[in-house]
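Chemist: only geometry, no sequence info:
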Ligand SMILES: Cc1cc2nc3c(=O)[nH]c(=O)nc-3n(C[C@H](O)[C@H](O)[C@H](O)COP(=O)(O)OP(=O)(O)OC[C@H]3O[C@@H](n4cnc5c(N)ncnc54)[C@H](O)[C@@H]3O)c2cc1C
């Protein structure tokens, strides 16, 4: 693996950094105070500037109007955007839309691409991904209650989902529902496009997370599908392939998330160092003169560096050898980087004292947003189990042990 950054990539990253510095970071406080929906006109202005600057859709191939970056390059971009919770949204590479764009590109019919992908790529609409259910373990997505039953030319969908992120304000959901209950458990569910103005779709609430229900893009919804009828033409990919497609969607998605987390780590680290240098415990005795704070700074530096290299190596392996070959690396970065992320945020908060848990710095928002990092896209424990089982197989312990 070549660790050098090509001059054109370095130049591109500088342009992303400049846009973040000049246009995105200055908005953070106002958006946090006003809420996401009320801030949409302002965010739209920034999105237009991003478009004009040729920085729109960094994760998408040129054929579909994106920058055509490799996963390694997009990983580097994702770190730059990750320093603010608004970053990915402003460049139209935010979850869950980025994953949904990928699915539509890979599996959408021409008609589905025209109706849903094109406006998504243009940033005219948003979408959500509706898989997890309150009454079934999200960590085992082969077991779910939501069904899609054929009736004439339609599917009739029934079920309850939650943590359908960003459903508020979205135009459509990609819903995972059981279409083939008699098939083996990996082939029972399908992915189906459901426009959110379909009768029978109900947005129950935005789930409050650590006291914050959020709104619009910045929310996680509980939703219900009650006799929700959509044409069978809304099926995405083959029937029964829902689980397989979801797995494909998560591979590159984990690189995006992990590099975004490293962006958060770097921002938190910078805030921690500034505070350590500026906050005096006594005249001429800044916090940074204390050994324990120095240790936190050194440990954080080493951990962030290690995390970045691990993620870029996983991205490089996906680019060169494919998703399947990189399964172990993908699981390793998912739990490893999530742990470092939370540790670095926590140290930064500690160095800030009471200020650290206020909303006067972005640290509390980072903590609230990202405690879920150890849970979504596969909890730590599942990824550790996947890695250990693969390793132990080489030592003669079978998959079923
Ligand atoms: C911020 C956030 C955003 C999300 N966005 C979306 C979204 O847009 N769409 C969507 O469909 N879902 C979304 N989710 C849901 C997410 O995918 C699930 O929370 C996740 O899959 C875990 O499922 P669960 O919450 O039901 O936990 P459970 O499956 O009930 O697991 C609970 C805990 O049990 C432990 N555990 C689980 N399996 C094992 C095992 N095999 N061995 C040992 N321990 C285990 C883990 O500690 C785990 O945290 C989101 C979640 C969060 C936190």
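Modeler: That came in fine, so what should we check first? This structure is a prediction, so every number in the text was calculated from the model and none was measured.
Chemist: rest of the way, CA atoms for contacts and neighbours
Modeler: OK.
Chemist: before we move on, what SS does the residue sitting nearest the centre point of the chain have?
Modeler: Note on the chain: the residue nearest the mean C-alpha position is residue 95, at 4.3 Å, using CA atoms, centre = their mean. Following DSSP: H, G, I helix; E, B strand; the rest coil, the label given to residue 95 is coil.
Chemist: what residue ranges in the stretch 301-401 of the chain score low on pLDDT?
Modeler: For the stretch 301-401 of the chain, the stretches with pLDDT under 70 are 399-401.
Chemist: try it again with 80
Modeler: Along the stretch 301-401 of the chain, segments meeting pLDDT under 80 span 398-401.
Chemist: need the helices for it, in chain order.
Modeler: 327-352, 363-370, 380-393 (DSSP state H, counting those that start in this stretch).
Chemist: among those, which is nearest the ligand?
Modeler: helix 380-393 (4.9 Å; CA to the nearest ligand atom).
Chemist: which other helices and strands contact the closest one?
Modeler: Helices and strands touching helix 380-393, by 3 or more CA pairs under 8 Å, 6 or more residues apart in numbering; DSSP states H and E, are helix 327-352.
Chemist: what residues sit buried inside the helix it packs on?
Modeler: By neighbour count on 16 or more other CA atoms under 10 Å, the buried set for helix 327-352 is 327-338, 340-349, 351-352.
Chemist: likewise for stretch 286-304?
Modeler: In stretch 286-304, counting by 16+ other CA under 10 Å, buried: 287-288, 293, 296-297, 300-301, 303-304.
Chemist: between those residues, which is nearest residue 16?
Modeler: Comparing the buried residues of stretch 286-304 against residue 16 with CA to CA places residue 304 closest, at 20.5 Å.
Chemist: and the closest one, what is it in contact with?
Modeler: 262, 265-266, 340 (CA atoms under 8 Å, 6 or more residues apart in numbering).
Chemist: so the nearest residue to residue 301 once chain neighbours are set aside, which state does it fall into?
Modeler: Using CA to CA, 6 or more residues apart in numbering and skipping the chain neighbours, the partner closest in space to residue 301 is residue 269 (7.9 Å). Put simply, residue 269 is helix when judged by three-state DSSP.
Chemist: find the nearest non-adjacent residue to residue 123, please.
Modeler: Nearest non-adjacent residue to residue 123 (CA to CA, 6+ apart): residue 92, at 6.5 Å.
Chemist: quick check: residues of the chain near the ligand?
Modeler: 96, 129-132, 137-139, 163-165, 372, 375-379, 381-382 (CA under 6 Å from any ligand atom).
Chemist: that concludes my questions; thank you for your assistance.
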